[in-house]
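**Student:** below are the sequence and a predicted model for it; my questions follow.
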Amino acid sequence: MDYYEKLFLALRNLNPGTRHFINLLFNREKVSFLKECISILKKVNEKESEVQKLSQKQMREKTEEFKKRLMDGESLDDILVESFALVREAARRTLNMRHFDVQIIGGYVLHKGKVAEMATGEGKTLVAVLPLYLNALEGKGCHLVTVNDYLAKRDTQWMGPIYHYLGLSVGCIVSYKELKGKYSSTAYIFDPTYLPADSRFLYLRPISRKEAYMCDITYGVGSEFGFDYLRDNMALRKEDQVQRELNYAIIDEVDSILIDEARTPLIISGPSEESTSLYYEVDRLVRKLVRDKDFTVDEENQTVSLTEEGVKKCERLLGINNLYDGTHTELIHHINQALRAHCFFKRDKEYVVKNGKVIIVDEFTGRLMPGRRWSDGLHQAIEAKEGLRIESENQTLATISFQNYFKLYKKIAGMTGTAITEAAEFKEIYGLDVIVIPTNKPLRRKEYDDEIYKTEREKFNAVVAEVEKMYKIGRPVLVGTISIEKAEKLSRLLRQKNIPHQVLHGKNHEAEAAIIAQAGRPKAVTIATQMAGRGVDIILGGNPEILAREETVKVIWSRKKTKKGKNERYKGKELREILQEIEDNYNKRLQQIDSIYKGKIENLKKELNEREKEFSQIDEKVKEEIEKELFEKKGGENYRKFEERLKKLKERYLSANENYQKLAEKYKNQPERTKEAGEILNKAYRDFVLFKEKIMKTFNISTSEYIEEKRRQILSDFESKRFAPKEVVPKIEEYIGIIKNYKDSYSIIASEKIKEGKNFKILCEKINDYENFLKGLKEILNTGKFEEIERYIEKENTIYEKLAKSIKSFEREIILEKGGSVYIEAEKKYKEV
């Protein structure tokens, strides 16, 4: 059996439905694709020697040749082998990183619009360059979706040299947070000549948002791509839009974005005039209500309901006769939201309070999300609960879910370390196949059974004891927690034992990435609220690159601060080498790290993501247990009755854990019930946007904003005397013409003498009905009353059909400059460890 046959066998063994003969009959297409992957790999490997002979100039000429061939009618598949070989060689020359064979397969899977499951540390960032380069040759733009701004910037800096070497441009977009610092911007382009003093922005030259989207490849966070889409649809003029047509996107941590956060709405809102005093009044009211007496709680569905006794109590305290007489709808809504705020949203778990503001904690990553707010009055209810100043509730101006946004792309693909458990959902909802890619080398990590404790105190004591044991022998420890609250509790216990440690909350991505990179150093103890999406390699003994950078900084600093003789500097260097040699030998003896999981994370994918961040050699047992709250959610008040039976449940839990997680998640998200409704709303929204753009283009309607902008421009030109005397009158006439066009547009369009105008008038009448239809449908979706959707759509279907018919009728760092040689030597030394 040759090398390629073994690789094909490994692929087949990893992918369900392709292992046994009977399955092969029903999955011929998948087996055929796996054979195709091996065939492409062979051709790329054969092409490598030919590409190695090319100079950079010739490689850039190849890029232009590919573009011309595509314009002449060839397909992307026709140039795939050559382009992959070209990228592999460019990566070797610029980053000294050559794509492994399994990475070539991963790149092909992504190009074909599938989900590639690759274990953490297998180089997903490098793999994505292959299909991004290939698809960018069409000139339509490609997007790489990351999970945070730090990774968007880092990957642009890291992979930028490859694209630049081959003659393509790469940019990145970041969130519209409060801009701080001289180099802060919301968009950047990779420019190897740009060398700012702040090394965080090395090679990242600030540009406009629109310029970033005009780059061949654009990196960014999924929410920012979505928000820009919404802003573009709200723009009144084409020139105010920043995005191009949505062509091809690769989504990192695809299971988190397309499955876990699929229904998360992206909302652009505007100020509302609603009074905030009612929130305080209702908060005082619900504090007097007694759980299970005045209201009941459904933990699993996150809902609350007033009992008959609770209704009477509210009526008495509020001084009203009948709470449900139809005139107190808003009040009932406020009471429900206030009860939810008290029952389901805990401080330092779902949110934190910082500088007098409620800041949401991302349930999937554990990171803080400043600027984000819960909708429908929930955020205000929590502010009232915490006694903070209430910010006015905003009204929704535009909204779309991740699921619906990414369906707008012509082609999407995804990468993650945990996709196979969601293969059915990917196929059903997005039409995406999941292909598991073998690791380049066999995995050496050991995984042990969970350990279950009767109480939380017992669990924490066991965790601390294990950490203390590992710390004393010098073994690094990584602890994953499910919330900030639990992380801080564990931190307090470790401080009592005088164990130094780092606690990461996701507040500063850059700083925390550096800390995690050093989590493999001797005696390092690191506590993190979720590891998924951190995007940093943890290496035993520490990350060579970052360690080298730190040492270089120390050397440069010592040179600046002191002026010692050569002999003294030599002695200092010799001492450092001796100390480093001792530490290196110590690291080699350890060659392992313990990672203790405090808290069995409810979502299986989160747990697997954290496990993927462990190191390759683990000799000690991994301690894990199930959080008490899991049982409280599923068993309610019966929890105590079953305490003594926990040990008996362990066997059943271990065997059924994966199925249980999938069923729980499926039930919670209700994808089957929401998929159709979401698609209807999404299609309606797309039609509406296209219709609006068609109208604006057809009738060239001037807007008041455009007129005001033109007025300011003319006044500015007059004041700066940019006009020649003979240009004054024509400019004024142009301005008057714009105003006249604005005033006359709608009357002309509405005139029945003009056919287009008549059609437009009819459409305007229908669009009002249609907007009401969308509002009603949105309300039902928000409240979760899915059983009403079918009846509602059937009732209003005539409006939708009429509108659809009408629409169819319109158709390397500053540090290298100052200490390059020191850095290179240090990096080389650490890599030898």
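**Tutor:** Structure received.
**Student:** tell me where the stretch 1-150 of the chain has strands.
**Tutor:** 115-117, 142-146 (DSSP state E, counting those that start in this stretch).
**Student:** mean neighbour count, those: which tops it?
**Tutor:** Among the strands of the stretch 1-150 of the chain, the stretch with the highest mean neighbour count (mean count of other C-beta atoms under 10 Å) is strand 115-117, at a mean of 27. In this view, the C-beta of every residue, glycine as well, is placed from N, C-alpha and C.
**Student:** what strands line up against it, and which way round?
**Tutor:** strand 411-416 (parallel), strand 434-436 (parallel) (DSSP bridges).
**Student:** let's have the ones you listed in a markdown table, adding mean neighbour count and distance to Gly73.
**Tutor:** Compiled in a markdown table, the strands paired with strand 115-117 are given as follows (neighbours: other C-beta atoms under 10 Å; distance: least, C-beta to C-beta, whole Å):
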| stretch | mean neighbour count | distance to Gly73 |
| --- | --- | --- |
| strand 411-416 | 24 | 19 |
| strand 434-436 | 23 | 29 |
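**Student:** which of those strands sits closest to Ile40?
**Tutor:** With C-beta to C-beta as the criterion, Ile40 lies closest to strand 434-436 of these, at 13.0 Å.
**Student:** got any ranges where the stretch 201-350 of the chain has weak pLDDT?
**Tutor:** 270-275 (pLDDT under 70).
**Student:** which residues in it form helices?
**Tutor:** In the stretch 201-350 of the chain, the segments counted as helices under DSSP state H, counting those that start in this stretch are 209-214, 222-234, 254-255, 277-286, 308-318, 329-344.
**Student:** got the CA positions of the second one in CSV?
**Tutor:** The C-alpha atoms that make up helix 222-234 are tabulated as CSV, following Å, rounded to 0.1, in the frame of the first residue of the first chain:
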residue,chain,number,x,y,z
GLY,A,222,-18.9,37.8,11.3
SER,A,223,-21.0,40.4,13.1
GLU,A,224,-19.1,43.3,11.4
PHE,A,225,-19.8,41.8,7.9
GLY,A,226,-23.4,41.5,8.9
PHE,A,227,-23.7,45.0,10.3
ASP,A,228,-22.1,46.5,7.2
TYR,A,229,-24.7,44.6,5.1
LEU,A,230,-27.5,46.2,7.2
ARG,A,231,-25.9,49.7,7.0
ASP,A,232,-25.6,49.3,3.2
ASN,A,233,-29.3,48.4,2.9
MET,A,234,-30.2,51.5,5.0
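**Student:** ok, now how distant is Phe402 from Val361?
**Tutor:** The span separating Phe402 from Val361 equals 19 Å under the rule C-beta to C-beta, to the nearest Å.
**Student:** coming back round to it: pipe the helices of the stretch 201-350 of the chain into a markdown table and attach distance to Gly123 and mean neighbour count per row.
**Tutor:** Supplementary listing: the helices of the stretch 201-350 of the chain in a markdown table, determined by distance: least, C-beta to C-beta, whole Å; neighbours: other C-beta atoms under 10 Å:
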| stretch | distance to Gly123 | mean neighbour count |
| --- | --- | --- |
| helix 209-214 | 25 | 19 |
| helix 222-234 | 21 | 20 |
| helix 254-255 | 16 | 29 |
| helix 277-286 | 50 | 18 |
| helix 308-318 | 57 | 15 |
| helix 329-344 | 40 | 19 |
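**Student:** who wins for proximity to Leu11 among those helices?
**Tutor:** helix 254-255 (19.5 Å).
**Student:** please name every helix or strand in contact with the closest one.
**Tutor:** The criterion is 3 or more C-beta pairs under 8 Å, 6 or more residues apart in numbering; DSSP states H and E, and the helices and strands that helix 254-255 contacts are strand 411-416.
**Student:** quick one, the strand it packs on and strand 142-146 angle?
**Tutor:** 30 degrees (axes from the mean of the first three to the mean of the last three C-alpha atoms, to 10 degrees).
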